[in-house]
Structures are given as C-alpha cells and as structure tokens.
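1. could you work out the structure for the sequence below:
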Amino acid sequence: MNKTAIITGGGSGLGQTTAFYLAAEGVNVSVVDISEDSGNETVEKLKEKGVDAIFIKADVSKVEDVKNYVDKTLEHFGSIDYFFNNAGISGSGKKFLETDIQEIDQIVGINLLGALYGLRYVGEAMLKNGGGSIVNTASSAGVIGQASVVTYGATKHGIVGMTKSLVAEYAKDGLRVNAIAPGPIQTPMVKKFFEDNPDMKESAEAGIPQKRLGQPEDVAELVTFLLIKADYINGETVRIDGGFTNTK
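-> The predicted structure follows:
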C-alpha cells in the first residue's frame, strides 16, 4: 500500500515540485492550496505519474480549513505518513515600521498560525497511526536577521522553534520533525517579491557564494530525503542556500 503525504502550498513552487519528487517514490499526495486552478493542475500531473492525488482548497490561516484538509485526507487515503508543512507568503518587502498592521496579521496568520494548526491536526493523526515524518518550511530569514522581512523573519524563526520543541515532546512517540531553511529560490513567490524589490534581488545574488539563486528541484530533493529516508535526523533545520547564511 502506498504511503500518503499532505503538502500545503502544493499548487506551485516548492510544494508542487516536491509533490512530483514524492510521486517518483510512489507516494500518494493530498495537494492543499488556496488556488483551485494550480492545485487541480498539480493533481492531474501527479495522476499522470501513476499515483493517487486529491486537491483540497484551504486558507491555512483558518483552523477549520486546516482540520478539513486533514479530515479529507484521512477519509480518502486512510492515513497520513508524511507532511510538508510548506504554505507561506513573503510580504511586501517594506521596512517594518512602514508595514501595515493588516500585512503583519496576514503573514503571521499564514506562516506561523497556519503551520501550527497543521502540526496540531496532522501530528494528532500521525500519532494515532504510530508516527510519521514532517518537514516544515522555514527560511534563511529564520536563521539570521535580514532587513525588510521583519515579520516574515519572525514567523520563520518560529518555525525553527516549533520544530525543535515538537521533537522534544514527541520523538519518543514516533514523530520525526525537521525544517528546511531555503535561501532565495526561483519560485513564483520569490520571483514576484524580487520584481517588486529589484534591489533586493541584486543584493541576494551578490551574497550567495555559489553566485546563483536556488531552483525548486534543489529543495524538493532535500525535502524528499528528509521525509522518507532520513530515519535518524530529527529536530534539525537544514540550510539550503548556496552558502548564503554561512557568510553572515
């Protein structure tokens, strides 16, 4: 029987690419996204790769939507083995004191509360089934300080903290929880951010020792490894940034 994964933000970017990598390993996928068009497109491509997949629309900042995607996954597949807790937004790139309160609320709601809600309900389902493996998406902004992303950075530092604390509580019960800390990756979200803040793209590229932005495939390969193969890696935040944060 195939294993099952939930991927939030699965309609594009890191989530979609990771879904394709997991499908290559024979993993069925619940694709969770706010966009019906991109979510359903991902599902169709997954089915073409020979695995079962469903789309579940969700705003992860709403706890009822999170509980629903867990319930729908269990109803369709019977269990949840892997969870890529990945949905997030970047924000406008404004300096913190120029940021609207509504933007702060939105970033915290999606990036931090959405991740916590997902861990709450997915973790509960996993423990009932003897355990499971989780990867949370943090960021380079979750391991160092970066200008113009104060709220985003706060949520991503929170991701690192929740990863460590969950392992302290539940590793003995069969949960593996790790995080990734990508640097600038060529996803639709990052491309849009750099279009709105071109000076930040130039600065980012200049600060990466490998002198290139990352590709979604770079990250998907790591996430797949952490989810299904890294049996004795637990509570880690793995940086994947071409050496970017290593020079800070």
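
2. in terms of secondary structure, what does the helix or strand encompassing Val167 contact?
-> Val167 is part of helix 150-170 when elements are defined by DSSP states H and E. On a contact count with 3 or more CB pairs under 8 Å, 6 or more residues apart in numbering; DSSP states H and E, helix 150-170 meets helix 101-107, helix 114-128, strand 132-137, strand 175-182. No exception for glycine: its C-beta is placed from N, CA and C like everyone else's.

3. can you list the strands that the last one pairs with?
-> Based on DSSP bridges, the pairing partners of strand 175-182 within the sheet are strand 132-137 (parallel), strand 237-240 (parallel).

4. look at Gly243 and tell me its secondary structure.
-> coil (DSSP: H, G, I helix; E, B strand; the rest coil).

5. so, low pLDDT: which residues of this structure?
-> 1 (pLDDT under 70).

6. the most centrally placed residue in it: what's it in contact with?
-> Nearest to the mean C-alpha position of the chain, counting by CA atoms, centre = their mean, stands Asn86 at 1.6 Å. By CB atoms under 8 Å, 6 or more residues apart in numbering, the residues touching Asn86 are Ile7, Thr8, Gly9, Gly10, Leu14, Gly15, Thr18, Val135, Asn136, Thr137.

7. over to Leu116?
-> For Leu116, the contact set (CB under 8 Å, 6+ apart) comprises Met162.

8. equivalent analysis for Ala19, please.
-> With CB under 8 Å, 6+ apart, Ala19 has these contacts: Ala5, Ile7, Gly10, Val29, Val31, Thr42, Leu46, Ala53.

9. quick one: secondary structure of the closest residue to Val149 other than its chain neighbours?
-> Closest residue in space to Val149, ignoring its immediate chain neighbours: Ala141 at 5.0 Å, by CB to CB, 6 or more residues apart in numbering. At Ala141 the chain is in helix, as set by three-state DSSP.

10. ok, Ala141 to Gln186 distance?
-> Separation of Ala141 from Gln186 (CB to CB, to the nearest Å): 17 Å.

11. more crowded one of these two?
-> Ala141 (23 against 15; other CB atoms under 10 Å).

12. was I right about the more buried one contacting Val160?
-> No: assessed by CB atoms under 8 Å, Ala141 is found out of contact with Val160, at 10.5 Å.

13. quickly compare the strands paired with strand 175-182 and say which is most buried.
-> strand 132-137 (a mean of 26; mean count of other CB atoms under 10 Å).

14. could you give the angle of that strand to helix 114-128?
-> Strand 132-137 runs at 170 degrees relative to helix 114-128, counting by axes from the mean of the first three to the mean of the last three CA atoms, to 10 degrees.

15. contacting residues around strand 132-137?
-> With CB under 8 Å, 6+ apart, strand 132-137 has contacts from 9, 14, 80-86, 88, 115, 119, 122-123, 126, 159, 162-163, 166, 174-180, 182, 223, 226-228.

16. before we move on, what about stretch 68-75?
-> Residues contacting stretch 68-75 (CB under 8 Å, 6+ apart): Thr4, Ile6, Thr8, Ser30, Val32, Ile54, Ile56, Ala58, Ile80, Tyr121, Val122, Ala125.

17. contacting residues around the third one?
-> With contact set as CB under 8 Å, 6+ apart, Thr8 has these partners: Gly15, Val32, Asp33, Ala58, Val60, Tyr69, Phe84, Asn85, Asn86, Ala87, Gly114, Gly118.

18. the first one is in contact with Ala5, isn't it?
-> No: counting by CB under 8 Å, Gly15 does not reach Ala5; the two are 10.4 Å apart.
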